[in-house]
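> build me a model:
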Amino acid sequence: MTEPTIPFAVLRRLLLGLGFREVVVAGSHIAFLHADSGTDLFLPVYRSDQKVALVTSPLSGTCWT
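Next comes the predicted model:
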């Protein structure tokens, strides 16, 4: 079964709208940090039109790929 996907720009807008702060580490990754909840998300660098999918891993739980 194919995982549902969304453009990275949509995910980014959603996270920023929820109060996450974006930190870009050029050539490495993008971090979305939410101080109030202590939630940190680390993602590869995506183009804004690149599709991302929510997947579940038995080792790391739910993550975006």
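
> quick one: L14 is in a helix?
Yes: read with DSSP: H, G, I helix; E, B strand; the rest coil, L14 is one of the residues of a helix.

> what is the burial count for it?
As a burial measure, L14 scores 12 neighbours (other Cβ atoms under 10 Å). For every residue, glycine as well, the C-beta is placed using N, CA and C.

> same deal with the one 10 residues further on?
V24 sits with 10 neighbouring residues when counted by other Cβ under 10 Å.

> how about it: what's its closest non-neighbour residue?
Excluding the flanking residues, the one nearest V24 by Cβ to Cβ, 6 or more residues apart in numbering is I30, at 5.2 Å.

> quick check: which element contains that neighbour?
Applying DSSP states H and E as the criterion places I30 in strand 29-34.

> tell me the helices and strands packed up against that strand.
Judged by 3 or more Cβ pairs under 8 Å, 6 or more residues apart in numbering; DSSP states H and E, the packing partners of strand 29-34 are strand 21-25, strand 39-43.

> list the neighbouring strands of the helix or strand encompassing I6 plus their orientation.
If you go by DSSP H and E, I6 is part of strand 5-7. Sheet pairing for strand 5-7, assigned by DSSP bridges, gives strand 51-57 (antiparallel).

> what residues of stretch 15-22 count as buried?
L15, F20 (16 or more other Cβ atoms under 10 Å).

> tell me the mean pLDDT over that stretch?
For stretch 15-22, mean pLDDT rounds to 96.

> chain center to that stretch, what's the gap?
Chain-centre distance of stretch 15-22: 10 Å, with Cα atoms, centre = their mean, to the nearest Å.

> circling back: dump the helices and strands packed on strand 29-34 to CSV, plus distance to K51.
Converted to CSV, those look like this (distance: least, Cβ to Cβ, whole Å):
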stretch, distance to K51
strand 21-25, 19
strand 39-43, 13
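
> return the most buried member of these.
strand 39-43 (a mean of 14; mean count of other Cβ atoms under 10 Å).

> given that one, what are its sheet partners and their directions?
If you go by DSSP bridges, strand 39-43 pairs up with strand 29-34 (antiparallel).
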